[in-house]
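Trainee: My questions are about this predicted structure, shown below with the sequence.
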Amino acid sequence: MITCSAPGKVYLFGEHAVVYGEPAICCAVDIRTRVTVSPADTITISSSLGTTGIDFEVHPYVSAVLERFREISSFDGVDLRISSDIPVGSGLGSSAAVTVATIKAMDTLLDLGLELDDIAKMGHEVEQKIQGAASPTDTYVCTMGGVVLIPQRKKLELIDCGIIIGNTNMFSSTKELVGNVADLNKRFPDVVGPVLLSIGKLSVIGEDLVNNGDYVSVGELMNIDQGLLDAIGVSCAELGSLIYAARENGAYGSKITGAGGGGCMVAISPRENVDSVAEAISMAGGEVVVTNATDVGVKVECQ
Ligand SMILES: Nc1ncnc2c1ncn2[C@@H]1O[C@H](COP(=O)(O)OP(=O)(O)OP(=O)(O)O)[C@@H](O)[C@H]1O
Ligand SMILES: C[C@@](O)(CCO)CC(=O)[O-]
Ligand SMILES: [Mg+2]
């Protein structure tokens, strides 16, 4: 029996624009998905979503990973169990974490010796296949851990401040939100194009600010990013009220994280303000997760 885990993530800047090749800065957080595999005669996938075989309705990401391993290796079956602290479909990279943890678990079970870069690449291919369009960001950061700049795949300094997540508990599908932005861009390219370019500029400026620990400026740029994300239709009233509650109660900055349209917002704050920001988000109706950046990417938990 082998158990592997991978972390969730929050975006400081750049979700959606990164799908169009713009830069993004993304940070792994200390909330993890665990995948346990043992050899079996047939394929069984068990999670909070149900128990299935290969099933692209219920378990699309894991099914795609297992099909991929059928192409590169041979195995009769596998008993695969998922347990996760990352809320599903909420902008914290649950799909990337389950994909990458499954790849590492199958790699370890079949003794294939994949490198981390191979795992991130396979994870990206799986997200592209299932979502239609996907950037390499989520699968790369949850493979490598830390704070990463995409598309350069460059590690930045780990951020050392409070990270407070507020979950609206409204499910949102990344595939659907990415599709909505694509439609808007098709209809109004002269407006949406420059917005996506501006989002990309935030990461160009943000790289040094992150490395220098200038979280006041990082927070200001996160607030600008939120305005631009709202402009392309991926915010909503519930996210907005959590985002403003955080800003009014001591956050450096706050914004949607991930696909938006529901799911989670993220705030960064001085450590001494974490409690007041968390309480404000909770009072505004959000489910709060206080977390930290983590350098620990995908890993074997036990073997
Ligand atoms: N613990 C889990 N068990 C089984 N499947 C999961 C699990 N976590 C995520 N998934 C799969 O990932 C899908 C959600 O992925 P989606 O990309 O829409 O959201 P997300 O990854 O949480 O958010 P984002 O991509 O914005 O960070 C689920 O519908 C399911 O197919
Ligand atoms: C919305 C998006 O930019 C982030 C999802 O976490 C999609 C992607 O990068 O694949
Ligand atoms: Mg996802």
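Mentor: Alright, I've got the coordinates. Numbers count the residues shown, from 1 in each chain. Ligands and ions are numbered 1, 2, ... in the order given.
Trainee: In what element of secondary structure is the spatially closest residue to residue 94 that is not a sequence neighbour found?
Mentor: Of all residues not flanking residue 94 in the chain, residue 86 sits nearest, at 4.4 Å (Cβ to Cβ, 6 or more residues apart in numbering). Heads up, the C-betas are built off the backbone N, CA and C, glycines and all. Of the helices and strands defined by DSSP states H and E, none includes residue 86.
Trainee: where does residue 86 fall, phi/psi-wise?
Mentor: Phi and psi for residue 86, reported as degrees, to the nearest 10, are phi -90, psi 120.
Trainee: Nearest the geometric middle of the chain, what residue?
Mentor: residue 93 (2.6 Å; Cα atoms, centre = their mean).
Trainee: Ligand 1 versus residue 117, what's the distance?
Mentor: In this structure, residue 117 and ligand 1 are 21 Å apart, going by Cβ to the nearest ligand atom, to the nearest Å.
Trainee: and whatever helix or strand that residue lives in, what does it pack onto?
Mentor: Per DSSP H and E: residue 117 is located in helix 116-131. If you count contacts as 3 or more Cβ pairs under 8 Å, 6 or more residues apart in numbering; DSSP states H and E, helix 116-131 packs onto helix 60-72, helix 94-110, helix 137-144, helix 174-187.
Trainee: Apply 6 Å and report the result again.
Mentor: Other elements packing on helix 116-131 under the criterion 3 or more Cβ pairs under 6 Å, 6 or more residues apart in numbering; DSSP states H and E are helix 60-72, helix 94-110, helix 137-144.
Trainee: Just tell me which of those ends up closest to residue 211.
Mentor: Closest of the helices and strands packed on helix 116-131 to residue 211 is helix 137-144, at 16.4 Å (criterion: Cβ to Cβ).
Trainee: Any part of the closest one near ligand 2?
Mentor: Yes. Judged by Cβ under 6 Å from any ligand atom, helix 137-144 and ligand 2 are in contact via 137-138.
Trainee: Give me the residues contacting the helix or strand just after that helix.
Mentor: Using DSSP H and E, the helix or strand that follows helix 137-144 towards the C-terminus is strand 147-150. By Cβ atoms under 6 Å, 6 or more residues apart in numbering, the surrounding residues in contact with strand 147-150 are 18, 24-27, 137, 141, 155-156, 158-159, 207.
Trainee: Pull the most distant pair out of these.
Mentor: Farthest apart among these by Cβ to Cβ are 18 and 158. That separation is 20.3 Å.
Trainee: Mind checking which of those two has more residues around it?
Mentor: The residue with more neighbours, out of residue 18 and residue 158, is residue 18; 25 against 15, by other Cβ atoms under 10 Å.
Trainee: backbone phi and psi for that one, please?
Mentor: According to degrees, to the nearest 10, residue 18 has phi -70, psi -20.
Trainee: For it, give me the pLDDT.
Mentor: pLDDT recorded at residue 18 is 97.
Trainee: which residues touch it?
Mentor: Residue 18 neighbours (Cβ under 6 Å, 6+ apart): 24, 135, 137, 150.
Trainee: So in terms of bridging, what pairs with residue 264?
Mentor: On the basis of DSSP bridges, residue 264 is bridged to residue 167.
Trainee: quick one: it from residue 53, how far?
Mentor: Per Cβ to Cβ, to the nearest Å, residue 264 is found 31 Å from residue 53.
Trainee: Same drill for these two, tell me which one is more crowded.
Mentor: Between residue 264 and residue 53, residue 264 has the larger neighbour count (other Cβ under 10 Å), namely 27 against 13.
Trainee: Can you give me every residue that contacts that one?
Mentor: Applying Cβ under 6 Å, 6+ apart, the residues near residue 264 are 90-92, 165, 167, 257.
Trainee: Fine, thanks again, bye for now.
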